[in-house]
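Engineer: Need coordinates for the following:
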Amino acid sequence: MCKKERILVVAAIVVAFAVVMFCPLIATAGGNEIPPAWNQKLNASKRFDVVLDGEAVLDKETGLVWERSPSTTYQTWRIALWECNVLKKGHRMGWRLPTVQELTSLVDPTVMKPSLPVGHPFSFSSTTYPGSLYPFEFWTANTEVESADRAWVVVFVDYGQVTVQTKSSGYGMWCVRSGQGSVDVQ
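Structural biologist: Take a look at the predicted model:
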């Protein structure tokens, strides 16, 4: 074997190793196949699985794990960040406030209230508060670029809305587990 052929063989082995180690085609969690990217559109019956002793929901479109029952109390943005970071649900820690992109990935813009895919397994409190759409308004981890005292909120009513609110206001929190997310901590 000449020097060029040996180099090609070694390069092929290195590439194959990298593909196997760093680019798995399918990750598994509890026997469920999770797509590695957000490139699929699944109906609710195939998209969501209740996991972690019934306390969370795996979204197979995104690979994110959501609380099955989002918080039923108003929180300021800073408290919501803290509460998610220390949450123990399904005998697991590692929760956080979702990014605006992650939270809006749950919105079904064809559904009025809640603006979630028909047949979703999430549970919401029937409690509502005067002058609010709660329990369908949730903080995200993202601060508004123009004003550090405001953060993005996703409203799961009227076919899904995204808005910005003052961080001292009270909104719900819907914690998520996943790989690293982008979090603004201003």
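Engineer: what's the span of stretch 95-105 from first residue to last?
Structural biologist: Distance across stretch 95-105, first residue to last, is 17 Å (CA to CA, to the nearest Å).
Engineer: what does that stretch contact?
Structural biologist: 38, 59, 61-62, 64, 67, 80-81, 84-85, 87, 89, 138-142, 152, 154, 160, 162, 173-178, 181-183 (CB atoms under 8 Å, 6 or more residues apart in numbering). All C-beta atoms are positioned from the backbone trio N, CA, C, and that covers glycine.
Engineer: Sitting in strands, which of those residues do you find?
Structural biologist: In this view, those that belong to strands under DSSP state E are 59, 64, 67, 138-142, 152, 154, 162, 176-177.
Engineer: ok so, going back, buried subset of the contacts of stretch 95-105 as a ChimeraX selection?
Structural biologist: Here is the ChimeraX command that selects the buried residues among the contacts of stretch 95-105 (16 or more other CB atoms under 10 Å):
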select :59,61,62,64,67,80,81,84,87,89,138,139,140,141,142,152,154,160,173,174,175,176,177,178,181,183
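Engineer: re the thing from before, looking at the ones in strands among the contacts of stretch 95-105, spot the one nearest residue 93.
Structural biologist: Checking the ones in strands among the contacts of stretch 95-105 against residue 93 by CB to CB gives residue 177 as the nearest, at 8.9 Å.
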